[in-house]
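K.L.:
quick one, fold the following:
(2 chains)
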Amino acid sequence: MSMRDLDPPEELAGHDRGSRLLGNRGFLVSTVSTIVFFGVLTAIVVAAPGFQVVRESFFDVQAMKESFWGVPSEGLPGIGKAFLLNVKVFLVAEVLILILALVIAVIRQLPGPVFFPFRLVAIIFTDLFRGTPLLLVIYLFGFGLPALGIQGISTQSVIVYGTVALVLSYSAYVAEVYRAGIESVHASQAASARSLGLSRWQSLRYVVLPQAIRRVIPPLLNDFVSLQKDTALLAVLGVIEAARAAQIYASYRFNYSSFVVAAFLFILVTIPLARLTDWLIARDRKRRQAAAA
Amino acid sequence: MRRLLVGVALVGLVAVACAPEETETTEPATSGTPSETSSPVATTAADCMAEHEGDLFEAGVLTVGTDNPAFPPWIINNDPTNGRGFESAVAYEVADRLGFSEAEVTWVVVPFNKSYAPGPKEFDFDINNISVTEERDQAVDFSTSYYDLTQALMVLKGSPIEKATTLDELKDAVFGAQVGTTSLSFINTVIQPNNDAQVFDTTNDAKAALRNGQVDGLVLDLPTAYFEAYINTPNGALVGQFPNAGEYIGMLFEEGSPLRECVDLALEEMTADGTLEQLQTRWLADYLAVPVIE
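P.N.:
The predicted structure follows:
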């Protein structure tokens, strides 16, 4: 509840009638300063002696178009189509991570000596997958599992192995985010819930987790922005996703503009995610303020 | 208003701080690139080199780039300085024709993806099994061919496509290629299989996928495929080579490098007196015996 004290008072955030003049001047100053700032920045880049060369090899519009659509006559894959794979992997992995990580976080909170082995497994899992480079995990699952030759497991597509590697690795991170959220809920909350007659499970489900999850939504989305980009690592398994398609184009044409296209597509997806985070935070703040009032 | 002025002054300061650095780093490079040669055309590689001595990356030595790791039969034991392996041998032969002793050749590591980065290059030429295409030629310069490349198909023994002799028999297979090579384009345009090809960072990753059965065959350039199938991979088998589609490999130069002309002259001399062919036979074996898949 101390958060509320730090929030700016409502009247300062909105348009204040008394200081409209000041507001207009502020707008003017910020506009001029923005124009000057970006103008000078652009001037420095454009005036650089190597600008022409950099523009040709990184920002060639023709190459960008070509790499986005691909060149079927030369067998070059398009980045646009390849990016759909990144999005698919991301969407599937995201849902699985949210579930698996929550399970791990809850297991780590289980009290009592009976659950010790479960807690141990949860701790080992988190330490192991958080400590191992994601690339190695992807290699291990993508090239290791098929080599084992187990019926049903070893015959999946590499995309499945790659997604599994992403899910395990990210679940370890996200489980820690959840845990931080759960621990941030004051012990009195669970105690009051218990005193009202709720079972341990019910107090977790209806009192602790709703508060915990709401608090960790921003860091969770932060992890998902990162996950979104890490889907590109699946390329090492042979899959042609956006970054790989861009690399292929670059190596065929000796032009890096395709990487800019791939980067733009990734940004295109992450910006809405970032704005969604902002919106969720703002909504949550308003609700809590309304509840307090 | 004062705050605005401070802000503008700050931006100006940044501009001033940045500008000299930008010009400083690139100035020597631009002044180091001379315009077209005005003197009469040199007739031998050595003459040409003597004329363009000032254009060397480092005075008095020939700086040659290749990737690390580099693979046989192009470079042997990942050591380009030993003169063994086709590309090492060709580089030393070219250096000799240009008038450099073995000690005057310096090797530098140039990752393939960096070889075509814009801006001045840190080598005189890069020799790294790079196929020459019109589009690539727009970003850099290439020498003439020092080897005409064909693509070949490698599988593991017992593969259903091991005995294939026609492209039609390959339609249902899954193929792998190494990223950056022209093999992917070859798979998609010539073989046109029903399944999407897979692309790997290295030949080793591609071989791991081959062993796991994730791909049925690898399309590689013939010398690499030959080496991988018969020497480097247990149970490897070479299905055959594909007809040459006009593909060749050349040395890579900075766009507009006057040294290209000298290296071309050296290659011309080497072709004329049969040295190039000797080197090809010595290091790249005799691939005429490899059956052709048509």
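K.L.:
give the contact list for whichever residue of chain A sits closest to chain B.
P.N.:
Using Cβ to the nearest Cβ, the closest approach of chain A to chain B is made by residue A:75 at 2.5 Å. Where you see a C-beta, it was placed from the backbone N, CA and C, and this is true even at glycine. Residues near residue A:75 by Cβ atoms under 8 Å, 6 or more residues apart in numbering or on different chains: B:184, B:185, B:186, B:187, B:188, B:189.
K.L.:
got CSV for these, with secondary structure too?
P.N.:
As requested, these are exported to CSV (DSSP: H, G, I helix; E, B strand; the rest coil):
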residue, secondary structure
B:184, helix
B:185, helix
B:186, helix
B:187, helix
B:188, helix
B:189, helix
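K.L.:
list phi and psi for residue B:198.
P.N.:
phi -110, psi 150 (degrees, to the nearest 10).
K.L.:
for it, which non-adjacent residue is closest in space?
P.N.:
residue A:238 (3.2 Å; Cβ to Cβ, 6 or more residues apart in numbering or on different chains).
K.L.:
for that neighbour, which residues are in contact?
P.N.:
A:158, B:176, B:198, B:199, B:200, B:205, B:206, B:209, B:214, B:215.
K.L.:
now, of the contacts of residue A:75, which are buried?
P.N.:
B:184, B:185, B:186, B:187, B:188 (16 or more other Cβ atoms under 10 Å in any protein chain shown).
K.L.:
how far does stretch B:55-65 stretch from one end to the other?
P.N.:
Chord length of stretch B:55-65, first to last residue, is 16 Å (Cα to Cα, to the nearest Å).
K.L.:
show the average pLDDT along it.
P.N.:
The average pLDDT within stretch B:55-65 is 94.
K.L.:
including pLDDT, could the buried ones among the contacts of residue A:75 go into CSV?
P.N.:
Listed next are those as CSV, based on pLDDT from 0 to 100:
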residue, pLDDT
B:184, 92
B:185, 91
B:186, 92
B:187, 94
B:188, 92
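K.L.:
return only those of these found close to chain A.
P.N.:
Among the buried ones among the contacts of residue A:75, the residues within reach of chain A (Cβ under 8 Å from any Cβ of the partner chain) are B:184, B:185, B:186, B:187, B:188.
K.L.:
apart from its chain neighbours, what residue comes closest to the first one?
P.N.:
So that's residue B:184. residue B:177 (4.4 Å).
K.L.:
helices or strands up against the host helix or strand of the one you found?
P.N.:
Residue B:177 is part of strand B:175-178, with elements assigned from DSSP states H and E. The contact analysis (3 or more Cβ pairs under 8 Å, 6 or more residues apart in numbering or on different chains; DSSP states H and E) places strand B:175-178 against helix B:183-186, strand B:198-200, helix B:203-211, strand B:217-221.
K.L.:
which parts of the last one are buried?
P.N.:
Counting neighbours by 16+ other Cβ under 10 Å, one finds that the buried residues in strand B:217-221 are B:217, B:218, B:219, B:220, B:221.
K.L.:
alongside chain A, which residues does the stretch 51-200 of chain B contribute?
P.N.:
Residues of the stretch 51-200 of chain B lying near chain A (Cβ under 8 Å from any Cβ): B:112-113, B:116-119, B:133, B:135-136, B:138-140, B:176, B:179-180, B:182, B:184-189, B:196-200.
K.L.:
hmm, try it at 6 Å
P.N.:
Of all the residues in the stretch 51-200 of chain B, those in contact range of chain A (Cβ under 6 Å from any Cβ of the partner chain) are B:116, B:118-119, B:135-136, B:139, B:179-180, B:185, B:188-189, B:198-200.
K.L.:
just give me the closest of the ones next to chain A among the buried ones among the contacts of residue A:75 to residue A:292.
P.N.:
Closest to residue A:292 out of those is residue B:184 (60.8 Å), distances taken as Cβ to Cβ.
K.L.:
so that closest one sits against residue B:176, correct?
P.N.:
No. Residue B:184 is beyond contact range of residue B:176, at 9.3 Å (criterion: Cβ atoms under 6 Å).
K.L.:
residue B:252 against residue B:126, yeah?
P.N.:
Yes. Using Cβ under 6 Å, residue B:252 is in contact with residue B:126, at 4.2 Å.
K.L.:
tell me, what's touching those two both at once?
P.N.:
Common neighbours of residue B:252 and residue B:126, using Cβ atoms under 6 Å, 6 or more residues apart in numbering or on different chains, are residue B:115.
K.L.:
before we move on, back to that, can you redo the contacts of residue A:238 as TSV with neighbour count?
P.N.:
Below are the contacts of residue A:238 laid out as TSV (neighbours: other Cβ atoms under 10 Å in any protein chain shown):
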residue	neighbour count
A:158	23
B:176	27
B:198	24
B:199	28
B:200	25
B:205	21
B:206	27
B:209	22
B:214	24
B:215	25
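K.L.:
could you export those residues as JSON lines, including pLDDT and distance to residue B:237?
P.N.:
As requested, the contacts of residue A:238 are exported to JSON lines (pLDDT from 0 to 100; distance: Cβ to Cβ, whole Å):
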{"residue": "A:158", "pLDDT": "89", "distance to residue B:237": "23"}
{"residue": "B:176", "pLDDT": "95", "distance to residue B:237": "15"}
{"residue": "B:198", "pLDDT": "94", "distance to residue B:237": "19"}
{"residue": "B:199", "pLDDT": "95", "distance to residue B:237": "22"}
{"residue": "B:200", "pLDDT": "94", "distance to residue B:237": "19"}
{"residue": "B:205", "pLDDT": "91", "distance to residue B:237": "20"}
{"residue": "B:206", "pLDDT": "94", "distance to residue B:237": "15"}
{"residue": "B:209", "pLDDT": "92", "distance to residue B:237": "16"}
{"residue": "B:214", "pLDDT": "90", "distance to residue B:237": "18"}
{"residue": "B:215", "pLDDT": "94", "distance to residue B:237": "14"}
